[in-house]
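Q: Provide a 3D model corresponding to the input given below.
(one chain, ligands or ions: 2)
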Amino acid sequence: MKINNSSIKKSIKILEKNECIGIPTETVYGLAANAYSNEATLKIFKIKKRPKNNPLIVHYYNLERLKKDCHVNRYVIKLYKKFCPGPITFILKLKNDSMVSKNVTNNQNSLAVRFPKHHITRSLLKKINFPLAAPSANISTGISPVTKNDVKDEFGKTIKYILNGGRSSIGLESTIVNLINKPKIIRLGGLSIEEINKAIGLNLKYFSENKLKFPGQSKLHYSPGIPIKLNIKNPKKGSAYLLINKKRTNNKNFFYLTKKKNLIEAGKNLYKMLRKIKKKKYKLIEVEKIPNKGLGQTINDRLKRASFK
Ligand code: TXA
Ligand code: MG
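A: Numbers count the residues shown, from 1 in each chain. Ligands and ions are numbered 1, 2, ... in the order given. Prediction:
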């Protein structure tokens, strides 16, 4: 999709008035506002119905700009060189003189930062002199949006503008790595653990952080509001069946994440399919077994959380 200068200008105008807009990223769409403004960031929590103690990710154009707000160590530089811009978020130590609003961090001294790859959002970030706080653009605990229309579905007219960037190419949120002490992966995401470990020659493991400290990591999340059952071989009659292996028979209740066992493709389609199934008002979602490797781990994580009761 081409960059449309007038929509970038319009976005900047709204952001400068401390209002929120929807922005496209390669992972999922974000609900963005000026990360340096208390007024603007407060609106994000309100619109999303997000608890104030759940901190936000801040999106930067490049490492140079980030250095004003955070301490950077050798791991950051290594991972930045290899994967940024891209689907990875770093938890870093905030500098004392950082300009990031206290609302973003819930007054803590760590900050989640990321450098989105989507060319339209990069062009926006380049032109503004503040970074963008942007959680996924969905009502708290719901399914993350992967198109402009999904964002519209979530917020209707409560947000002033959505910058269109087509469909998110990865379709799963960024992988979060805490780099403050010994690096650890605290959220599975669009970049697999295997890829990260290969790049930095470490053997990082997924390590879910304290659930109360960061409610975003809590169990019920990414939920379509319909019960989900995993590892199902023989689906019930009227349920929606999510699959990754092509079946010989056709059935209107079959929803393929991929027909080629391609887990990258399955990841891209996951939220789109969950939204579609929700709209069709199914009462139950059953899921075929998905291998727990590469992005399969992230898909299984999201499905488990979405199915938590
Ligand atoms: O791909 C993504 O990361 C998307 C796009 C829009 O960039 N953003 C996203 O943001 O998924 P959100 O707010 O939906 O999820 C951010 C997660 C939350 O679970 C939050 O608790 C956690 O990051 N988080 C934020 N700041 C943190 C911090 N300082 N320490 C630990 N976890 C943090
Ligand atoms: Mg989210």
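Q: Now do the same contact list for the nearest residue to I21 once chain neighbours are set aside.
A: Distance criterion Cβ to Cβ, 6 or more residues apart in numbering; nearest residue to I21, sequence neighbours excluded, is Y161 at 4.6 Å. C-beta: built from backbone N, CA, C; applies to glycine. In this structure, Y161 makes contact with 10-11, 14, 21-22, judged by Cβ atoms under 8 Å, 6 or more residues apart in numbering.
Q: Y161 and P85: what is the separation?
A: Remark: distance between Y161 and P85 (Cβ to Cβ, to the nearest Å) = 23 Å.
Q: quick one: which of the contacts of Y161 is nearest ligand 1?
A: Using Cβ to the nearest ligand atom, G22 comes nearest to ligand 1 of the contacts of Y161, at 9.8 Å.
Q: so what's the closest one up against?
A: Contacts of G22 by Cβ under 8 Å, 6+ apart are 29-32, 137, 145, 148, 151, 155, 159, 161-163.
Q: go on, N106?
A: By Cβ under 8 Å, 6+ apart, the residues touching N106 are 52-55.
Q: ok, now A137?
A: By Cβ under 8 Å, 6+ apart, the contact set of A137 is 22-23, 28-31, 48, 144-145, 150-151, 154-155.
Q: where in the chain is pLDDT low?
A: 209-219, 308-309 (pLDDT under 70).
Q: Helices of that one, residue ranges please.
A: Listed in chain order, the helices of the chain (DSSP state H) span 5-16, 38-48, 63-66, 74-83, 102-105, 119-127, 148-155, 193-200, 263-279, 295-307.
Q: May I have the beta-bridge partners of the nearest residue to L204 once chain neighbours are set aside?
A: Nearest residue to L204, sequence neighbours excluded (Cβ to Cβ, 6+ apart): I185, at 5.2 Å. Using DSSP bridges, the beta-bridge partners of I185 come out as V177, Y206.
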